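1. Just a sequence and a predicted model for now, questions to come.
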Amino acid sequence: MSESNFETLADSLLKTLEEGLDGELQGGVLTVEGEAGTWIVNKHAASRQVWLSPPTSGARHYAFEATKALWQDTRGGADLLTTLSGELGVPLDWQPE
């Protein structure tokens, strides 16, 4: 994936999450306050990944899986939206532009 394509996809994802989770997005880093603490979602251009740091479990890395149009956990876990939806109790939907 090209850097430009990654930036477009990651920015679109973060903007959608900011709106759906009532978070604060600054400089490619989304901060979401929840009952259990603070979730941080940020793009990591060097690896072409989106990283999640939740207060309840360890950090996770997600790479875009084009065939599924999902940000898939690089260690085989659930995709990013499924993980965030479950942890925050909010339904999330995102479609790549």
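-> Great, that's in hand.
2. The longest helix along the chain: which residues count as buried?
-> Ranked by residue count under DSSP state H, the longest helix found in the chain is helix 3-21. Across helix 3-21, burial judged by 16 or more other C-beta atoms under 10 Å covers Phe6, Leu9, Ala10, Leu13, Leu14, Thr16, Leu17, Glu18, Gly20, Leu21. Every residue, glycine included, has its C-beta placed from N, CA and C.
3. Return that helix as PDB; C-alpha atoms alone will do.
-> What follows is helix 3-21, C-alpha atoms only, in PDB (Å, rounded to 0.1, in the frame of the first residue of the first chain):
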ATOM      1  CA  GLU A   3       1.900   6.000   1.800                       C
ATOM      2  CA  SER A   4      -0.800   8.200   0.200                       C
ATOM      3  CA  ASN A   5      -3.300   5.400   0.100                       C
ATOM      4  CA  PHE A   6      -2.600   4.600   3.800                       C
ATOM      5  CA  GLU A   7      -3.000   8.200   4.800                       C
ATOM      6  CA  THR A   8      -6.300   8.500   3.000                       C
ATOM      7  CA  LEU A   9      -7.700   5.300   4.600                       C
ATOM      8  CA  ALA A  10      -6.300   6.000   8.100                       C
ATOM      9  CA  ASP A  11      -7.500   9.600   8.100                       C
ATOM     10  CA  SER A  12     -11.000   8.500   7.000                       C
ATOM     11  CA  LEU A  13     -11.100   5.900   9.700                       C
ATOM     12  CA  LEU A  14     -10.000   8.300  12.500                       C
ATOM     13  CA  LYS A  15     -12.500  10.900  11.400                       C
ATOM     14  CA  THR A  16     -15.300   8.400  11.500                       C
ATOM     15  CA  LEU A  17     -14.200   7.100  14.900                       C
ATOM     16  CA  GLU A  18     -13.900  10.700  16.200                       C
ATOM     17  CA  GLU A  19     -17.600  11.300  15.200                       C
ATOM     18  CA  GLY A  20     -18.900   8.000  16.300                       C
ATOM     19  CA  LEU A  21     -17.100   7.900  19.700                       C
END
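4. would you list every one of the strands in the protein?
-> 24-26, 29-34, 37-44, 49-53, 60-65, 70-73 (DSSP state E).
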